[in-house]
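Asker: The amino acid sequence is not available; the structure is as follows:
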């Protein structure tokens, strides 16, 4: 998780900002001052990211507190842990590849200030939302490694938020790219 947050979020954000001068983090309250749906999704995304970091820190450094997360002991098996670690690794690689293909157009949230090109190459030829797909897999992997009621709730909340965010981004891309986006949407599936 440290690698995911460090490389896929912080380093990538810093790199895009340094190269383009555009700050890619678009989930702040100032972005959506007049839009209740965007603001709610933005707040819940930040809560989910913080919740995941909190769970991983507690699991790593405070196992005595971990029992209060209502662990599913029946799922705490070597097979589930290995499967979860595998999914975490695959998700990280998938997200990093998708970000690479997206290049300097990468954002966290919807950027209404800057027009970026429609990315349709690389993994975007198979999925219109490969970064969100990777994040969905990441949450499943996290749940398998740390099977608790809290990680289950974070997985479900994160998944619902990504579904809503995809719809919001599709509306934005349709407005921004018109028929080019519609043709892309007809050609490539939403997830895979």
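Answerer: Perfect, thanks for sending it. Since the model is a prediction, treat every value here as computed from it, not as a measurement.

Asker: so what strands line up beside the one helix or strand in the chain whose mean pLDDT sits lowest?
Answerer: Least confident element among the helices and strands of the chain, by mean pLDDT, DSSP states H and E: strand 25-26 (a mean of 77). Here strand 25-26 is paired, per DSSP bridges, with strand 108-109 (parallel).

Asker: Enumerate every residue touching the residue most central in space within the chain.
Answerer: In the chain, the centroid-proximal residue (Cα atoms, centre = their mean) is residue 135; its distance is 4.2 Å. Contacts for residue 135 (Cβ atoms under 8 Å, 6 or more residues apart in numbering) come out as 91, 95, 158, 162. Glycine gets a C-beta too; all of them are placed from N, C-alpha and C.

Asker: what does residue 190 give?
Answerer: Contacts for residue 190 were tallied using Cβ under 8 Å, 6+ apart; they are 127-129, 166.

Asker: Quick check: which element contains the residue located most distally from the centre of the chain?
Answerer: In the chain, the residue that sits farthest from the middle, by Cα atoms, centre = their mean, is residue 64; the gap is 29.1 Å. Element membership for residue 64, per DSSP states H and E: helix 63-66.

Asker: Looks like residue 180 contacts residue 119 (just checking).
Answerer: No. At 11.3 Å, residue 180 does not count as touching residue 119 under the criterion of Cβ atoms under 8 Å.
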